[in-house]
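Enquirer: Sequence and computational prediction follow.
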Protein chains: 2
Amino acid sequence: MAAKGEQTREHILATAEKLILQRGYSGTSIERIISESGITKGGFFYHFDGKNDLAKHLILRYLEQDAVFFNGLLERARALTEDPLQQLLIFLKLMGEAMTDLPGSHPGCLVASFTYESHQFDAEVRRLNAEGILSWRRIFIEQLTEIIEKYPMKIELPLDNLADMLTSIIEGGIVISRCLDDKNVLPNQILQFRNYIRLLFEDA
Amino acid sequence: MAAKGEQTREHILATAEKLILQRGYSGTSIERIISESGITKGGFFYHFDGKNDLAKHLILRYLEQDAVFFNGLLERARALTEDPLQQLLIFLKLMGEAMTDLPGSHPGCLVASFTYESHQFDAEVRRLNAEGILSWRRIFIEQLTEIIEKYPMKIELPLDNLADMLTSIIEGGIVISRCLDDKNVLPNQILQFRNYIRLLFEDA
DNA sequence: GGAAAGATACCGACCAGTTAGTATTAAATA
DNA sequence: TATTTAATACTAACTGGTCGGTATCTTTCC
């Protein structure tokens, strides 16, 4: 069990992320964060060197959790089949199911949220933000590389574009889901991308 | 030529949109907007009934300009061919070119930006925001409806999901473009969607 | 046609409240 | 008892918004 301080720190981060995804980073005051998480200003500043430092640790935490989520689904897919194409299709189906099982619309992506306020952060937070997108690209390119060794692509196209398309679909699906308050949009979009992958690699 | 007041108002809106896409709505103070647009606080409050009113007029203006843009490309595509599928493919190519011709990365989508700060707005601004996504869906469904009257779909799927995919691609492509500061990502994503449309409707 | 009144388009000082952050002190814990 | 964790009071700057005002233009009236 983590130290008392670690628990408080994690609680602050969880609360801050929730509020920031609702109102944006600038629209979420430290006052609102401490009020909702039940600590005081001194407690906040004991754990964080300021609001930008909070942002930095939020994005680090977010990317770590996302990596765990993506890699967890990939490992499950890999355990179920040896075929790299089927692994990706299973991965996408599992992701769609995970999004369907959310209690409401997806709360949002911190990377996108920070991107839409990019001028409010220092260079390090912006760099970590970009690093997030690049790490997703790398994960997907790895899988796609295994696929094209075994299956020819119906349309020749760069793998980073195709890898980015999954990120696009997720980011865009989140925006539409939240905007329309319709939790089914994101899973449906993921399944669309799955259709595209099938059309690209499977025989008719 | 619009009245002096109309010109000032449009100037405030253009400046506000640029700044809000950089720092978010909450991260953009009225002070920053008036400073950058060269008027005073009183001048601002002469034109707008407050910051939320500014947001309302920003989203109305944004959706109007977007409709003009989308419908302009669609009309051009329709002028070039009678075939609904080719119209969509041309439309997507034209859109990709328009995104390629931007001086830098796409500045951002106001609907997505406002969605990521949704709790900072009143119900009317949120409703207008949702209306934007729905209007895009309607435009694309119209075109897709004409296509499926003539071409069978290789995978049976709801048209609103497919229509939403273009919105997803654009929203997601914008996030990746900005985050990585790479202006080619968005056009490439649009062309990916175009590939998917071809695979769905064209014979192999 | 010129004076008076009204409309338009702002200016800038001021206000109350909120903000991020600091200094000091206190409580909890190992 | 030393360290960790937190509370409290406070500060200076910033925020959204109000209000009394000015300058200019337009309309009305004599």
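Expert: Good, I have the coordinates. Residues are numbered from 1 along each chain as shown, chains lettered A, B, ... in the order given.
Enquirer: tell me which parts of chain A are close to DNA strand C?
Expert: A:3-4, A:28-32, A:41-42, A:45, A:50-52 (C-beta under 7 Å from any atom of the strand). C-beta: built from backbone N, CA, C; applies to glycine.
Enquirer: again, 10 Å this time
Expert: Within reach of DNA strand C by C-beta under 10 Å from any atom of the strand, chain A has these residues: A:1-5, A:23, A:25-35, A:40-46, A:48-55.
Enquirer: Among those, which lie within strands?
Expert: Per DSSP state E, strands hold no members of the residues of chain A next to DNA strand C.
Enquirer: Quick check on those: which are buried?
Expert: A:23, A:25-28, A:33-34, A:43-44, A:48, A:51, A:54-55 (16 or more other C-beta atoms under 10 Å in any protein chain shown).
Enquirer: Go through the top helix by length along chain A and flag the buried ones.
Expert: The residue-count maximum for a helix in chain A (DSSP state H) belongs to helix A:51-80. Within helix A:51-80, the residues that count as buried by 16+ other C-beta under 10 Å are A:51, A:54-59, A:61-63, A:66, A:70, A:73-74, A:77-78.
Enquirer: and the next element down the chain from it?
Expert: helix A:84-100 (DSSP states H and E).
Enquirer: Other residues contacting that next one?
Expert: A:69, A:73-74, A:76-78, A:80-81, A:106, A:143-144, A:146-147, A:149-151, A:166, A:173, A:183-184, A:186-187, A:190-191, A:193-194, A:197-198, A:201-202 (C-beta atoms under 8 Å, 6 or more residues apart in numbering or on different chains).
Enquirer: now chain A, which segments are flagged as low pLDDT?
Expert: A:1-2, A:204 (pLDDT under 70).
Enquirer: Now narrow the residues of chain A next to DNA strand C to whatever sits close to chain B.
Expert: A:23, A:25-27 (C-beta under 8 Å from any C-beta of the partner chain).
Enquirer: If we only consider the residues you listed, which is nearest to DNA strand C?
Expert: Using C-beta to the nearest atom of the strand, A:Ser26 comes nearest to DNA strand C of these, at 7.2 Å.
Enquirer: Give me the domain ranges for chain A.
Expert: What automatic domain parsing lists as the domains of chain A is A:1-48, A:61-201.
Enquirer: Of the ones you listed, flag the one that's most buried.
Expert: Neighbour counts (mean count of other C-beta atoms under 10 Å in any protein chain shown) averaged over each of the domains of chain A peak at domain A:61-201, with a mean of 19.
Enquirer: do that one and DNA strand D meet?
Expert: No. Judged by C-beta under 10 Å from any atom of the strand, domain A:61-201 makes no contact with DNA strand D; its nearest approach is 10.8 Å.
Enquirer: quick one: which of the buried residues of helix A:51-80 is nearest to B:Ala14?
Expert: A:Ala55 (28.6 Å; C-beta to C-beta).
Enquirer: The nearest residue to the closest one once chain neighbours are set aside and A:Lys56, how far apart?
Expert: Among residues not flanking A:Ala55 along the chain, A:Val125 sits closest, at 5.1 Å (C-beta to C-beta, 6 or more residues apart in numbering or on different chains). Separation of A:Val125 from A:Lys56 (C-beta to C-beta, to the nearest Å) stands at 5 Å.
Enquirer: so of the residues of chain A next to DNA strand C, which ones are in helices?
Expert: Those of the residues of chain A next to DNA strand C lying in helices (DSSP H): A:4-5, A:23, A:30-35, A:41-46, A:51-55.
Enquirer: picking that back up, in JSON lines: the buried ones among the residues of chain A next to DNA strand C, plus distance to B:Ala14.
Expert: JSON lines is the format used below for those (distance: C-beta to C-beta, whole Å):
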{"residue": "A:Arg23", "distance to B:Ala14": "25"}
{"residue": "A:Tyr25", "distance to B:Ala14": "24"}
{"residue": "A:Ser26", "distance to B:Ala14": "21"}
{"residue": "A:Gly27", "distance to B:Ala14": "22"}
{"residue": "A:Thr28", "distance to B:Ala14": "27"}
{"residue": "A:Ile33", "distance to B:Ala14": "33"}
{"residue": "A:Ile34", "distance to B:Ala14": "37"}
{"residue": "A:Gly43", "distance to B:Ala14": "43"}
{"residue": "A:Phe44", "distance to B:Ala14": "38"}
{"residue": "A:Phe48", "distance to B:Ala14": "37"}
{"residue": "A:Lys51", "distance to B:Ala14": "29"}
{"residue": "A:Leu54", "distance to B:Ala14": "33"}
{"residue": "A:Ala55", "distance to B:Ala14": "29"}
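Enquirer: of these, list those near DNA strand D.
Expert: Near DNA strand D, judged by C-beta under 10 Å from any atom of the strand, the entries from those are A:26-27, A:34, A:43-44.
Enquirer: of all the residues you listed, which comes closest to B:His119?
Expert: A:Gly27 (7.5 Å).
Enquirer: unless I'm mixing things up, A:Gly173 is touching A:Asn184, no?
Expert: No. Contact between A:Gly173 and A:Asn184 fails when scored by C-beta atoms under 8 Å: they sit 9.9 Å apart.
Enquirer: which residue sits closest to A:Met165, ignoring its sequence neighbours?
Expert: B:Gln192 is the one closest to A:Met165 (C-beta to C-beta, 6+ apart), at 5.0 Å.
Enquirer: typed the wrong thing, it's A:Leu199
Expert: B:Leu199 (4.0 Å).
Enquirer: Which strand or helix spans that neighbour?
Expert: Here B:Leu199 is assigned to helix B:185-201, by DSSP H and E.
Enquirer: how much space between the residue nearest to A:His119 when sequence neighbours are not counted and A:Ser105?
Expert: Leaving aside its chain neighbours, A:His119 sits nearest to B:Gln22 (4.2 Å; criterion: C-beta to C-beta, 6+ apart). Going from B:Gln22 to A:Ser105 by C-beta to C-beta gives 26 Å.
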